[in-house]
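Asks: Please find the sequence and the predicted model below.
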Amino acid sequence: MQMPPRLTSDAALFLDFDGTLVALAETPEAVQVPAAMVPLLSDLHELLGGALAVVSGRQIDVIDRFLAPLRLPAAGEHGVQRRGAGGRMQEQRAPDLVPALEVANELARVYEGLLVERKHAAVALHYRLAPQLEAVCRDAMSRIIDGQPQLELLHGKFVFEVKPAGINKGIAIDAFMHEAPFAGRVPVFAGDDTTDESGFALVQPRGGIAIKVGTGPSQALHRLDSPRAVFEWLVAARDLLATPSSATPRSPA
């Protein structure tokens, strides 16, 4: 893998949140957004003509809270929720999650260190504080989706999530790419987790740039070492785009 090229004015920029814009923390609520991140994203949003979106496993209202007062275009819960540049919200209907919630809550009651996160259309079981329980969590959550084709189990960094089947970040990015101001631009997506691979698979065949953040195997052709490196890359992109002579689109291949 290689460092990503500079961002140009014809880009449509898609950014994961946890592990990409912010460093991972022991619990989802404990993440810290760098003080300069919000004005940086605001500048990039303006410089790219609005073609910047956050694509996350988080709910959109949670993203909004962390990035306040920004309300960027966003896909939440891996694409279950999506808010376009015009502010219109689309949201998939939530499946029956009572069995998943009951199983996850029972595991958290029995085993110390597990955390249950109830989303609009998903139940996530976090085991970051108890990594030795990975197999226990996987087996229990896998049983929930047996015989339930409308559900699937997503495995991210120290989390198993029961969510609606057939929804992923790649599909969400594709939907953005059919709308203004993203349409006709070069897609660029940065993410750190296995859940971001569907986004990488979408942007690269379209001549876009996929950026893996951190360690681990990935189909992405470019890599940044950490959220700090992402921040520095974005700062450099903002500074270049703000200089007219440096903001020209890349030449056709």
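Replies: Ah, there it is. Numbers count the residues shown, from 1 in each chain.
Asks: drop to CA atoms for contacts and neighbour counts, all remaining ones
Replies: OK.
Asks: Determine the set of other helices and strands touching the helix or strand residue 238 falls within.
Replies: Using DSSP states H and E, the element containing residue 238 is helix 227-241. Applying 3 or more C-alpha pairs under 8 Å, 6 or more residues apart in numbering; DSSP states H and E, we find helix 227-241 packed against helix 37-47.
Asks: got the buried residues for the helix it packs on?
Replies: Neighbour counts over helix 37-47 (16 or more other C-alpha atoms under 10 Å) mark 37-38, 40-45, 47 as buried.
Asks: Excluding its own residues, what touches the helix holding residue 238? List them.
Replies: Outside helix 227-241, the residues that touch it by C-alpha atoms under 8 Å, 6 or more residues apart in numbering are 6-9, 19-23, 37, 40, 43-44, 47, 213, 224, 246-247.
Asks: Out of the buried residues of helix 37-47, which is nearest to residue 181?
Replies: Residue 181 lies nearest to residue 45 out of the buried residues of helix 37-47, by C-alpha to C-alpha, at 10.8 Å.
Asks: show me the contacts for the closest one.
Replies: By C-alpha under 8 Å, 6+ apart, the contact set of residue 45 is 51-52.
Asks: Residue 53 versus that one, what's the distance?
Replies: 8 Å (C-alpha to C-alpha, to the nearest Å).
Asks: and the helix holding residue 238, what's its mean pLDDT?
Replies: Throughout helix 227-241, pLDDT has a mean value of 97.
Asks: Ok, stretch 166-174 next?
Replies: 96.
Asks: What residues of it count as buried?
Replies: For stretch 166-174, the neighbour count (16+ other C-alpha under 10 Å) marks 167-174 as buried.
Asks: Now render the residues you listed as TSV, adding secondary structure and distance to residue 62.
Replies: Formatted as TSV, these follow (DSSP: H, G, I helix; E, B strand; the rest coil; distance: C-alpha to C-alpha, whole Å):
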residue	secondary structure	distance to residue 62
167	coil	19
168	coil	18
169	helix	17
170	helix	21
171	helix	21
172	helix	18
173	helix	19
174	helix	23
